[in-house]
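**Q** got a sequence here, can you build the structure:
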Amino acid sequence: MQSLSDAVLAGADAAVLESLPLPDYFPAAVVRKEDTDIFRSVEDKDVRKSLLVDQVPMPELAPDEALVAVMASSINYNTVWTAMFEPVPTFQFLRQLGRNGGWEARHDLPYHVVGSDASGVVVRTGSSVRKWKVGDHVVISPAYVDEQDHDTHRDGMLGEGQKAWGFETNFGGLAHYAVVRASQLMPKPAALSWEEAAVNPLCASTAYRMLVSERGARMKQGDVVLVWGATGGLGAYAVQLVLNGGGIPVGVVNSAEKASVLRTLGCEAVINRTDIDGGDPTLLQRPEGWKTMGKAIRAAVGEDPHIVFEHVGQKTFAASVFLARRGGTIITCGSSTGYEHLYDNRYLWMRLKRIIGSHGANLHEQWEVNRLLALGHLVPTLSRTYPLNDVAAAARSVQTNQHIGKVGVLCLAPRPGLGVTDPGARSRIDDKRLHAFRG
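**A** Below you'll find the predicted structure:
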């Protein structure tokens with residue numbers, strides 16, 4: 001008898017998919033509660049020691065959920081944090097979620113299926129799901145929200161119950177099957193392959209909210225935007241959004257190779273950080289480093305940044321506060337180098353600058369970004385793809401900053417390049433841009 005996974009790969013129709021039984025177990029990338037102390041007193045918390053591929057039981061489906069056969073996923077830094085058990089083990093999140101009882105009790109398990117991005121095919125829907133059906137090709141928003149919280153209806157990211165799917169919830173995307181709420185589903189861009197579609201939702205939407213949304217920096221035409229880590233998962237989408245909106249991106253990178261990638265995207269003002277710090281990574285944490293960077297920005301574009309796109313954290317935040325122009329904005333969504341920030345507050349209050357915290361994106365913002373990807377106005381930043389069995393190596397490449405753009409992971413998809421359902425739309429996208437991060 002044909003398996004459900006084989007039927008998905010064969011492109012079977014909804015009737016066939018619905019007729020086949022769900023597997024009792026399936027492969028998934030997990031961390032285990034029993035391993036939470038393995039990095040105690042260890043300097044290099046190598047995620048290859050904690051992130052495993054194991055067979056996990058198929059969970060039950062709640063009425064407002066869908067089961068997605070995952071074709072591809074990607075590595076985000078929250079998966080690295082999960083596998084390092086920092087800043088706290090994610091089993092704490094699963095325990096808190098489980099205390100809500102009901103269907104959420106399922107999440108509190110001694111293993112955590114990780115991953116906050118995915119593309120795939122809907123294979124089951126809960127009884128209350130109305131707008132999605134079996135056979136739909138989808139991508140998944142990582143915003144897991146409580147629709148019964150009044151603040152959710154003001155902004156999905158403000159609700160008390162808002163979680164990052166696959167980080168603060170179980171049953172994430174680095175697996176053959178994933179459980180999601182129907183409110184997380186979006187149509188897969190038909191011009192993109194499974195892995196190209198999978199790498200976008202978390203990072204592209206986060207950058208959109210930070211720069212374009214009324215809840216972020218509200219970038220306008222002509223704004224100079226300093227983008228740290230401009231070829232990373234977040235920064236590369238930020239550069240594209242700045243260019244699309246008529247802004248002037250100033251991309252900071254750490255190699256000539258990465259500078260070349262940025263120029264392929266159309267970013268002309270590129271600063272190689274090694275030209276600033278001379279190999280001393282601590283220089284940008286001191287005033288002399290801030291001033292040197294400021295001179296480099298003015299040499300590139302003639303003025304100081306209106307907006308600083310900040311996600312690096314401890315190693316750059318003081319510089320970001322200094323570098324934003326008088327009345328400028330520092331927009332921050334994370335702290336990959338450490339979340340305890342020291343900066344000179346005089347440059348903030350005396351020069352009337354603003355710091356805005358931003359987290360993820362609500363469903364409307366996600367759909368806006370997904371539309372831009374479908375139109376080809378944004379392109380995926382996929383640089384390399386790993387099979388699920390090598391997910392630990394993929395996560396390690398992100399942990400050690402050996403990657404550019406986004407790192408994809410094939411789950412059910414047997415090879416890259418599958419899943420394009422509109423070749424005509426793909427042909428209208430500049431192929432050079434589409435492959436800019438893949439060398």
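
**Q** which parts of stretch 80-94 are buried?
**A** When burial is assessed from 16 or more other C-beta atoms under 10 Å, stretch 80-94 yields the following buried residues: 80-85, 89-91, 93-94. C-beta here means a position set from N, CA and C on the backbone, and glycine is covered the same way.

**Q** now flag whichever of those residues is closest to residue 199.
**A** For the buried residues of stretch 80-94, the residue nearest residue 199 by C-beta to C-beta is residue 80; the value is 15.3 Å.

**Q** which residues touch the closest one?
**A** Counting by C-beta atoms under 8 Å, 6 or more residues apart in numbering, residue 80 touches 47, 395, 398-399.

**Q** can you list these in TSV and add secondary structure?
**A** Rendered in TSV, the data for these read as follows (DSSP: H, G, I helix; E, B strand; the rest coil):
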residue	secondary structure
47	helix
395	helix
398	helix
399	helix
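
**Q** quick one: which of the buried residues of stretch 80-94 is nearest residue 267?
**A** Nearest member of the buried residues of stretch 80-94 to residue 267, counting by C-beta to C-beta, is residue 80, at 26.1 Å.

**Q** skip the chain neighbours and tell me the closest residue to that closest one.
**A** Nearest-residue entry for residue 80: residue 399, 4.7 Å, with adjacent residues in sequence omitted and distances by C-beta to C-beta, 6 or more residues apart in numbering.

**Q** do the same with residue 108
**A** Taking C-beta to C-beta, 6+ apart, and ignoring the residues beside it in sequence, residue 108 has residue 98 as its nearest neighbour in space, at 2.8 Å.

**Q** please apply the same query to residue 95.
**A** Among residues not flanking residue 95 along the chain, residue 108 sits closest, at 5.4 Å (C-beta to C-beta, 6+ apart).

**Q** okay, now residue 253: neighbour count?
**A** A count of nearby residues for residue 253, using other C-beta atoms under 10 Å, gives 25.

**Q** that one touches residue 228, doesn't it?
**A** No - applying C-beta atoms under 8 Å, one finds residue 253 not in contact with residue 228, separated by 9.4 Å.

**Q** quick check: buried residues in stretch 332-339?
**A** Counting neighbours by 16+ other C-beta under 10 Å, one finds that the buried residues in stretch 332-339 are 332-336.

**Q** thinking again about what came up before, turn the contacts of residue 80 into CSV, columns for distance to residue 259, pLDDT and neighbour count.
**A** As requested, the contacts of residue 80 are arranged in CSV below (distance: C-beta to C-beta, whole Å; pLDDT from 0 to 100; neighbours: other C-beta atoms under 10 Å):
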residue, distance to residue 259, pLDDT, neighbour count
47, 28, 98, 27
395, 26, 98, 29
398, 20, 93, 21
399, 23, 93, 24
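
**Q** now, which of those residues sits nearest residue 1?
**A** Using C-beta to C-beta, residue 395 comes nearest to residue 1 of the contacts of residue 80, at 35.1 Å.

**Q** any idea how far residue 400 lies from residue 393?
**A** The spacing between residue 400 and residue 393, counted by C-beta to C-beta, to the nearest Å, is 11 Å.

**Q** all good on my end, thank you.
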